[in-house]
Each structure stands twice: as C-alpha cells, then as structure tokens.
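# Here is a sequence with its predicted model. Questions after.
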Amino acid sequence: MTIRHTLALAVLSAQVALAQDDPIRPPARPLTISLFSESVSLPTFKGFLRRPNLGVRIGTEFYYRNRPGSQLIQTLNVGFYHHRGLQSGLYLNTELGYRKFIGGFFAEGFIGLGALGLSQQLRRYERTETGDFRLASRWMLRAMPSVSAGVGYQFGRQTTMPVTLFTRYEAFGETPFSNRGIPVLPHSALHIGTRFPVNP
Amino acid sequence: MNLSAYWPALLGLLMGCEPLAVPQPTPLPCDLSAYARHPRHQTYLTELQQYRQQSVAPGSILLIQKPGEPRWIGAVGKANLEYQTDILPCSQFRVGSITKMFVAVAVLKLVEQGKLRLDDRLATLLPHTAGHIPQADQITLRHLLSHTSGITDPPNESIRYQLRIVDNAPERFSLTTDQLLATYVYGKPLHFTPGTGWSYSNANYWLLGKLLEQQTGKPLQSVLNDWIFNPLALNNTYLEVRDDSQLVRGYADLYGDGRLFDVSHWDRADSDGEADGGIISTAADLATFAEALFGGKLLSDTWLTEMLKPTRLPSCPDGDCEYGLGVEHWKTGLGLAYGHNGGSVGIEANLLYFPHNRGVFVLYKNNGNGSDKRLMDRLMK
C-alpha cells in the first residue's frame, strides 16, 4: 500500500464519519486530520514544495477552557511521515495550545512532546565484543519536542457540526542526537488539515 | 470512526521503508606480500590495530615511509560493512581536505609560470565576486591559499548547509560550485578584515578551484590530471565524479550511542568533484605525491619555500597560524611536519611529511570522529 492510498483511505473514512448523525450518542469529539510536508531543516518555509516528504497526522482535542473567543487545548495525536533517503517516523504526541478566534478566523500556537519511532534508511551497525561491526536494527525511539503555530477558519460555528480548515507550521526535534555538537536533529512540517466533530 | 483499522497500513508503510542500497564492491587486486615481509611489519600492524580499536573505526590504513627501511602499508578492518569487505592497503578512499594541497600546488604552478601573482586581488581574478563578497578588492590570492581572507566556511559553520545534506543529499550533490557560492557565501560578512586573522574556510578553495578553471580554460580535474596525477603516475587518484562503489565507505555515530551509520552518500554529496575536498586516492599515491612535492619535483625551490612559509599573525596563538599556502604545520614530538588533515562526516585522513628524515606518514580511518594520533610520534622516530 502506498502513502497515497493510506491518505485517501483516511480522508474517505473521515467523510463517512462526518455524514453519520445519531442523536442518542454522547457528545461529539473533534477529530483533526492533517497532511503535511516534512523536511530536516532549521525553521524555514523553503523546500516544502520542492521535494515534499509526505506525512499524515490524526488527533483529537480536549479543552481546559472552551469559550466563544478562545480555547485552551490539549491535543493527542498520532502521525506518520516518510522522509526519502533518511527515515520514516511514526509518532504519538500531545500538545498544549491556545487558540484565539476573531469571528470564524483563528490563530493558534502549541508546544508539545511525543515519542517518535524511527525506521532509518541509512544502514546502521553495532560493534561486537571482538571489535567488529554487524548490522544493527534500524528501529529507534526518540523524544520529540515540538512547537507550532497556525491559522484557520471554522465554518458553521453556531451549528453542532462545525468544520475547520487550517494550516500550521510545526518545528519538531529528534533527540537525543549527537553529531558535530548538535543535540537535536531539527525537522519542520507544514500542515494543511481539517477538524470536525465525530461521535465516538 | 475506527482508527485501529489504519494501524496495520501505517505499520506496513513504516516497515516497507527500504534501507538505502549499498553497492557491492568487486575484489581488488592488491599484493600484500611485500608488506608482510617488512622488518617492522608486526610492530606497525599492532599499532594500527590499536588505533582502529581506540577510534572505533570499521577500518583503518597506515603508511610509514622512513629512510633505511622500505615503505610499509597496512590495513585492518572493513572497507564496507554491508558486504564485510576487508579494507586493503590499496583501497581507494576520500582524502577530504588533503585535496587542498593539490589545489594549492596547481595555483602555485600558475604563479610560477607568471600567470598569477600572490598579491592579485579576488575582485580582479574573479570579477563576479565583486559586490558579492565583501572587500573582494582587498582579498588576495595569498589570503585564499592561507585562509586569511575572512570568508565564511559553510561546511563547518553553517548548520543550514549541514542539514541540507541530511535533508536532501542528491540535491546538494547536484549543486555547482557557483551555486554553492551564491547560496552560502555571497552576501555573508567576513570574519575579519582580509589579512588580519586566520580562519579555515573551504570556500577559499571553492574560489581557487573556479580560478584554476578560469585561468586554464579546463575543468579542475583535467588541470590536476595534467599537472600532478599523470606526471607522478598517481594512477589511483582522481577528482572527477565517478561511480564510487569501490571506495571505502564512511561511517559516523550520529546519535552518540556507539552505533555507526553508513554516511557515504553524504560525504559524496558534500565533496565529490570539489576543490576543497573531492580527491579520491590511496595511501601509496598520497605518499608519492608528498615525496614529489616536498622533494621539489612539483614546484621550484622558490615557490615550495613560499608554500611552506608559516602564516604569522598577531591574532594566532604565539603569532603562528600553523598554516602555509595549502599546507598545515604540525608541531609533533619529532619536530615540524608538513601536510594536511582531511575529514568529513564519515572519514578522517592524514598526510604528513617529516622534513627531518624525509619520512611520510599516511593514516586513514572510515569513522568521521576525531582520533588520537600519537602513534605517529612513536612510529616516525
């Protein structure tokens, strides 16, 4: 199965979920789905379209404070990206954020922490007791601090089924890392996504 | 919505991410018998084995050439961990910044021929740099050769440069020297007024490579072929970009956990074909080059003396910048040695010439970490 197939499935199922409407179910929970382009870089907007490394993220939100003009948010997300020639990453993360509305428009910012499982494309070797080297697992687990900011628009704010479109710039790190004195390998991701309520 | 249905697909993607292919080398014809009969074979081999173990390198090569004994070359460990290929005394490897010695010789040959002067200005020699490199009209050929131009050094100073290789090595591999200069050098401030400080910069040699091509009307590899490689019969040395499947592969501990990644394609992307570090060679060819250069076969006495003359500036420790024109000055336990170190993410190479006994020392390993090279003092006595 290709990345494109997986993304298509994810979007299609979200639409099916959106079409369901069962009044006896508990309150709807927001589901956030975003597609993103990832790169290894210091924060920059260059390069995302030149050679996109695609990813997808699915998550939900919990509200410490949920007012008409602002929200204090905790997110929980799983995501996956494939960086050609370097690695694939599967992560679980949570973010604390604030969202400010002006009409249907909003701006938001988040800080987060997660666990990032990596499958490296570079061959990796470990030393044996005799001082020789043998092929090592290409799987690694790393901490994933993140910071992000975005803007968006929420349609149907006064309805029970508001739908949000947003874009978000995210900088996340892969740590511990240790080469040439750099303790964190920085990544950037540019997300385009949607959020809508689904009944659990 | 049932998300659990998608986990198998995501895990499938993750597991389906194939590692980068490593080309399989073919066996090298390499006659080792002469070195095995060397009177100090076991001593040298033991030192090399210890060096390789201490520096956590998959493989290492050592060449010792001293008066009174034949040249010895030894190799221990692996050149290619994927195929567990042995590293051999005749293995070809990236020499990194040792390339700068070759490029400096070519530039000094033009000076010797009267086509260039060490006081010529960058803005005159390469007019397109005027307006792009600050004080290009004050930077001289000598400043470029001796790293006293103040020009920034992207490979060592720019995290953006380094991350670009990690992010997209093929893209970096495709960049021309002009594009490198335009992206990472032009418009950047100098570290100091030209001639007042010393700061190692690969960009100095990117510019010198451009200059050689402009002055000769030939690609840089042809200049080096015609003036150095062919006359000295360095048959296993080249600069141009070729298939690299036979080369010793480079490794680095990227995460500080003792495990080594094969980073050969990063090293290739960073240096292949470039005047700052692109040469591929062997221990024997490097020694032949050193012997010829310091023996006066490549440059006249006047220009060899100029090449070796130390750069002295008040801003350097004790006033000595320990660098000539493309040549490092190493203060060893055996006295002054001339040569160069070469390093990249996955390799370290050293070429040194000891004038007190005309000895030559070559030490290579395929791990890009630093290393303790005190074995040199013990072996070159």
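Alright, I've got the coordinates.

# Around the residue in the stretch 101-250 of chain B positioned nearest to chain A, count how many other residues there are.
Using CB to the nearest CB, the closest approach of the stretch 101-250 of chain B to chain A is made by B:Asp167 at 4.0 Å. To be clear about C-beta, it is placed using only N, CA and C from the backbone, and glycine gets the same treatment. Taking other CB atoms under 10 Å in any protein chain shown as the criterion, the count of residues near B:Asp167 is 23.

# residue contacts, it?
With contact set as CB atoms under 8 Å, 6 or more residues apart in numbering or on different chains, B:Asp167 has these partners: A:39-41, A:47, A:83, A:86.

# Next, it: phi, psi?
phi -70, psi -40 (degrees, to the nearest 10).

# if you skip the residues just before and after it, what's nearest to it?
A:Val40 (4.0 Å; CB to CB, 6 or more residues apart in numbering or on different chains).

# Same question for B:Leu308.
B:Gly324 (4.9 Å).

# Report the separation between the one you found and chain A.
27 Å (CB to the nearest CB, to the nearest Å).

# doesn't B:Thr305 make contact with that residue?
No: using CB atoms under 8 Å, B:Gly324 is not in contact with B:Thr305, being 9.5 Å away.

# So which of those two has more stuff around it?
Using other CB under 10 Å as the criterion, B:Gly324 and B:Thr305 rank with B:Gly324 on top: 21 against 12.

# and that one, what does it touch?
B:Gly324 neighbours (CB under 8 Å, 6+ apart): B:146, B:307-311, B:338.

# low pLDDT regions in chain B?
Applying pLDDT under 70 to chain B flags the ranges B:1-17, B:27.

# now with 50?
B:1, B:3 (pLDDT under 50).

# Run a quick neighbour tally on the one residue in chain B that gets nearest to chain A.
In chain B, the residue found nearest to chain A is B:Gly256; the distance is 3.0 Å by CB to the nearest CB. Residues within reach of B:Gly256, counting by other CB under 10 Å, total 11.

# Helix, strand, or coil at it?
coil (DSSP: H, G, I helix; E, B strand; the rest coil).

# Isn't it up against A:Ser178?
Yes: between B:Gly256 and A:Ser178 there is a contact under CB under 8 Å: 3.0 Å.

# ok, now which ones touch B:Tyr364?
Here B:Tyr364 is in contact with B:60-62, B:93, B:248, B:283, B:347-350 (CB under 8 Å, 6+ apart).

# Ok, A:Arg127 next?
By CB under 8 Å, 6+ apart, the contact set of A:Arg127 is A:133, B:56, B:258-260.

# which residues of chain A score low on pLDDT?
A:1-4, A:6-23.

# Please name the spatially closest residue to the residue most central in space within it (chain neighbours excluded).
Nearest to the mean C-alpha position of chain A, by CA atoms, centre = their mean, lies A:Arg57 at 4.2 Å. Ranked by CB to CB, 6+ apart and with sequence neighbours excluded, the top spatial neighbour of A:Arg57 is A:Gly79, at 3.7 Å.

# Run a quick neighbour tally on B:Cys316.
16.

# Spatially nearest residue to it (excluding sequence neighbours)?
B:Cys316's closest residue in space is B:Trp198 (CB to CB, 6+ apart), at 5.3 Å.

# circling back to that earlier point, what's the spacing between the residue of the stretch 101-250 of chain B closest to chain A and B:His329?
As for B:Asp167, its distance to B:His329 is 37 Å (criterion: CB to CB, to the nearest Å).

# Check B:Gln84 too.
B:Gln84 is 39 Å from B:His329, by CB to CB.

# how far does stretch B:245-258 sit from the chain's center?
16 Å (CA atoms, centre = their mean, to the nearest Å).

# Next, the contact list for B:Leu298, please.
B:105, B:109, B:228, B:232, B:292, B:304.

# Mind giving me the ChimeraX select for those, buried ones only?
The ChimeraX command for the buried members of the contacts of B:Leu298 (criterion: 16 or more other CB atoms under 10 Å in any protein chain shown) is given here:
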select /B:105,109,228,232,292,304
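
# element containing B:Ser60?
strand B:59-65 (DSSP states H and E).

# Just the closest residue of chain A to chain B, please.
For chain A, CB to the nearest CB, closest residue to chain B: A:Ser178, 3.0 Å.

# do you know how far that residue is from A:Leu118?
Taken as CB to CB, the span from A:Ser178 to A:Leu118 is 15 Å.

# of the two, who's got more company?
For A:Ser178 versus A:Leu118, neighbours defined as other CB under 10 Å are more numerous around A:Leu118 (22 against 15).

# quick one: is the strand or helix carrying B:Ala75 near chain A?
Using DSSP H and E, B:Ala75 sits within strand B:72-80. Yes: counting by CB under 8 Å from any CB of the partner chain, chain A is contacted by strand B:72-80 at B:77-78.

# Which neighbouring elements make contact with that strand?
Applying 3 or more CB pairs under 8 Å, 6 or more residues apart in numbering or on different chains; DSSP states H and E, one finds that strand B:72-80 contacts helix B:33-36, helix B:41-54, strand B:59-65, strand B:85-86.

# Format these as CSV; extra columns: distance to B:Ile73.
Formatted as CSV, those follow (distance: least, CB to CB, whole Å):
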stretch, distance to B:Ile73
helix B:33-36, 6
helix B:41-54, 9
strand B:59-65, 5
strand B:85-86, 14
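
# mind giving me CSV with the ones you listed and columns for distance to chain A and mean neighbour count?
As requested, the helices and strands packed on strand B:72-80 are exported to CSV (distance: least, CB to the nearest CB, whole Å; neighbours: other CB atoms under 10 Å in any protein chain shown):
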stretch, distance to chain A, mean neighbour count
helix B:33-36, 22, 12
helix B:41-54, 5, 16
strand B:59-65, 10, 26
strand B:85-86, 11, 18
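
# Out of those, which gets nearest to A:Met161?
strand B:85-86 (62.5 Å; CB to CB).

# Tell me which strands the closest one pairs with, and in which orientation.
strand B:72-80 (antiparallel) (DSSP bridges).

# Using PDB, list the CA coordinates for the strand it pairs with.
This file holds the C-alpha atoms of strand B:72-80, laid out as PDB (Å, rounded to 0.1, in the frame of the first residue of the first chain):
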ATOM      1  CA  TRP B  72      55.100  -0.200   4.700                       C
ATOM      2  CA  ILE B  73      51.400  -0.100   4.200                       C
ATOM      3  CA  GLY B  74      49.000  -1.900   6.300                       C
ATOM      4  CA  ALA B  75      45.200  -2.100   6.600                       C
ATOM      5  CA  VAL B  76      42.900  -3.600   9.200                       C
ATOM      6  CA  GLY B  77      39.200  -3.900   9.500                       C
ATOM      7  CA  LYS B  78      36.500  -3.400   6.900                       C
ATOM      8  CA  ALA B  79      36.000  -1.100   3.900                       C
ATOM      9  CA  ASN B  80      32.300  -2.000   3.500                       C
END
